[in-house]
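Enquirer: Below are the sequence and a predicted model for it; my questions follow.
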Amino acid sequence: MSFFDKHVFICCNQRAPGEACCNNHGSSELLGYMKDQIKARGLAGDGKIRVNKAGCLGRCDDGPVMVVYPQETWYTFIDKEDIDEIIERHMVGGEVVERLKI
C-alpha cells in the first residue's frame, strides 16, 4: 500500500537558455500554488496527497508537466485554472482531466 493516496511530481527543471524546459513556463510558481491549494483544502499529509518538486521528467517538449502516482497520469498545464481543475477533478473526484492529459 502506498504511503500517500496520490503523489504528484512537478518538473521544475531549468536548462540552459534556448533549451526547452518546464521552468521556462512557470512550473516553479505553479508548484507553489498547487502545494498551497492542497494544504488549504486539507488534502495534504500522510495517506492523502503529497506534491513534490522534480528535476527533469524527460518530457520537456510537453512542458510544463506533472505526473500523478500511483495512477501514472501525466498532465501538462498552463495556469492556476488548470491546476485548480486537476485538483478538483483528479485529486478530489478521481477523474482524469482528459483535456490536460499527455
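Expert: Received, thanks. Residues are numbered from 1 along each chain as shown.

Enquirer: show me where pLDDT drops low in this protein?
Expert: 1 (pLDDT under 70).

Enquirer: State which helix of it is the longest.
Expert: In the chain, with assignment by DSSP state H, the single longest helix is helix 27-40.

Enquirer: Which strands or helices does that one pack on?
Expert: strand 6-11, strand 49-54, helix 80-85 (3 or more C-beta pairs under 8 Å, 6 or more residues apart in numbering; DSSP states H and E). (Glycine included, C-beta is placed from N, CA and C.)

Enquirer: wait, which of those is closest to Tyr33?
Expert: helix 80-85 (5.6 Å; C-beta to C-beta).

Enquirer: List the buried residues for the closest one?
Expert: Neighbour-count burial for helix 80-85 flags Asp82, Ile83 (criterion: 16 or more other C-beta atoms under 10 Å).

Enquirer: do the same with stretch 4-16
Expert: By 16+ other C-beta under 10 Å, the buried positions in stretch 4-16 come out as Phe4, Asp5, Lys6, His7, Val8, Phe9, Ile10, Cys11, Cys12, Asn13.

Enquirer: Fine by me, thanks again.
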